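>>> Sequence and predicted structure below; questions after.
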Amino acid sequence: MSRIIIVDDHPLFRAALSQTLTGASGAARVEEAGDLAALGAALEADRDCDLVLLDLNMPGAHGFSGLLLLRAQYPEVPVMIISAVEDVKVIRRTFELGAAGYLPKSVGPADIRAAIDTVLRGEVFVPDGVNLGGDDEQTDFIRRLATLTPQQIRVLMMLSDGLMNKQIAYELSISEATVKAHVSSILQKLDVDSRTQAVIAASRIEQGQFEALL
């Protein structure tokens, strides 16, 4: 029996999707999480998960940062985005960040089950009309983002929120020296020269913009 975790901040949508997945054959064990913290708790309790269905936009996640953090922290767990956003550029970027599939919320129950079955078989599900081919400057920046550790992603997001090193250290229960080391590593990995440029990079994650940094 496959274990699937639905991560969405709308309880009614979670319930409807859960019913769609369990009503057909009962072959899936479906769990629900309202935010990334609840998802993290579920995965720490049992990392044996066949698929996470992740909403792209919800509280506690800055744009693509939720996917970025999840792929960095639990690389063995397949993640399928399920979102109302149907912009082709957004969809392409999620795959570049490691998504195993992208499912628009506008599709019907039969299409949902078929798409999820595809990913559970170890394949990638790409919506019709989306071309994943070709690299560009944005792709290069995303590859650099993907080298950040989970803790470095958290630090980067906190920099974007305007927190100083002392505040970040308090929130993450680490020393200021460790925060400074993380910031230095972030600058090096993203190939930027200053904390300000790192904050710009973080804002682009939030907005789904990955243009090359100036």
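On my side now, so go ahead. Numbers count the residues shown, from 1 in each chain.
>>> Contact partners for the residue nearest the centre of the chain?
In the chain, the C-alpha nearest the mean C-alpha coordinate belongs to residue 67, at 0.6 Å (CA atoms, centre = their mean). By CB atoms under 8 Å, 6 or more residues apart in numbering, the residues touching residue 67 are 54, 56, 79, 81, 94, 97-99. C-beta here means a position set from N, CA and C on the backbone, and glycine is covered the same way.
>>> do the same with residue 83
Going by CB under 8 Å, 6+ apart, the list of residues near residue 83 reads 55-57, 102-105.
>>> So which of those residues sits lowest on pLDDT?
Taking the contacts of residue 83 together, the minimum pLDDT is found at residue 57 (79).
>>> wouldn't that one be in contact with residue 85 here?
Yes - applying CB atoms under 8 Å, one finds residue 57 in contact with residue 85, separated by 7.2 Å.
>>> Any regions of this protein where pLDDT drops low?
23-27, 59-63, 134-138, 204-214 (pLDDT under 70).
>>> Mind doing that once more with 80?
1, 23-27, 57-63, 132-143, 201-214 (pLDDT under 80).
>>> all strands for it, in order.
Ranges of strands in the chain, per DSSP state E, are 2-7, 28-33, 51-54, 79-83, 101-104.
>>> Indicate which one of those is closest to residue 188.
With CB to CB as the criterion, residue 188 lies closest to strand 79-83 of the strands of the chain, at 26.8 Å.
>>> Run the angle between that closest one and strand 2-7 for me.
Counting by axes from the mean of the first three to the mean of the last three CA atoms, to 10 degrees, strand 79-83 points 40 degrees away from the direction of strand 2-7.
>>> For strand 79-83, list the C-alpha coordinates in PDB.
Output of strand 79-83 as PDB, limited to C-alpha atoms (Å, rounded to 0.1, in the frame of the first residue of the first chain):
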ATOM      1  CA  VAL A  79       7.400  15.300  -4.700                       C
ATOM      2  CA  MET A  80       4.500  16.100  -7.100                       C
ATOM      3  CA  ILE A  81       3.300  19.700  -7.200                       C
ATOM      4  CA  ILE A  82      -0.500  20.100  -7.300                       C
ATOM      5  CA  SER A  83      -1.300  23.800  -7.900                       C
END
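>>> can I get the strands of the chain in CSV with distance to residue 181?
Converted to CSV, these look like this (distance: least, CB to CB, whole Å):
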stretch, distance to residue 181
strand 2-7, 31
strand 28-33, 31
strand 51-54, 30
strand 79-83, 28
strand 101-104, 35
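>>> ok, and the closest non-adjacent residue to residue 145?
residue 68 (6.3 Å; CB to CB, 6 or more residues apart in numbering).
>>> Let me see the contact set for the one you found.
So residue 68 contacts 97, 145-146, 148, 153, 205 (CB under 8 Å, 6+ apart).
>>> How about the longest helix anywhere in the chain, which residues are buried there?
Assignment by DSSP state H gives helix 176-190 as the longest helix of the chain. Residues of helix 176-190 classed as buried under the neighbour-count rule (16 or more other CB atoms under 10 Å) are 178-179, 182-183, 185-187, 189-190.
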